[in-house]
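Chemist: let me see the structure of the following:
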Amino acid sequence: MKKITLLIAFLGMAACENPQLGIGATFGSGGVSVTPSVSGNVGGARVEVSG
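Modeler: Residues are numbered from 1 along each chain as shown. As a prediction, the model looks like this:
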């Protein structure tokens, strides 16, 4: 399932202008939490996917 998600993300990024990757790290008492996000412009619209 992860391979399919990565493939879709890769193909989506190929169609994007100005692609960006963020990690969204949060530090708290329970440790570190990471929420990755991928964003870019597709057809003039801003698109962001986070997980």
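
Chemist: pLDDT weak spots in the protein?
Modeler: 1, 12-15 (pLDDT under 70).

Chemist: all strands for it, in order.
Modeler: With strands called from DSSP state E, the chain shows them at 17-22, 25-28, 31-34, 37-42, 45-50.

Chemist: make CSV out of the ones you listed and add mean neighbour count and distance to residue 8.
Modeler: For glycine as for every other residue, the C-beta is placed from the backbone atoms N, C-alpha and C. Converted to CSV, the strands of the chain look like this (neighbours: other C-beta atoms under 10 Å; distance: least, C-beta to C-beta, whole Å):
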stretch, mean neighbour count, distance to residue 8
strand 17-22, 11, 14
strand 25-28, 9, 24
strand 31-34, 8, 20
strand 37-42, 16, 10
strand 45-50, 11, 9
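
Chemist: how far away is the most centrally placed residue in the chain from residue 10?
Modeler: Geometric centre of the chain, nearest residue: residue 38, 2.0 Å, by C-alpha atoms, centre = their mean. Residue 38 is 10 Å from residue 10, where distance means C-beta to C-beta, to the nearest Å.

Chemist: what's next to stretch 25-36, contact-wise?
Modeler: 21-24, 50-51 (C-beta atoms under 8 Å, 6 or more residues apart in numbering).

Chemist: turn those residues into CSV, including distance to residue 32.
Modeler: Shown next, in CSV, are the contacts of stretch 25-36 (distance: C-beta to C-beta, whole Å):
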residue, distance to residue 32
21, 18
22, 15
23, 10
24, 11
50, 16
51, 16
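
Chemist: contact partners for the residue nearest to the centre of the chain?
Modeler: So residue 38 contacts 9, 12-13, 19-22, 48-50 (C-beta under 8 Å, 6+ apart).
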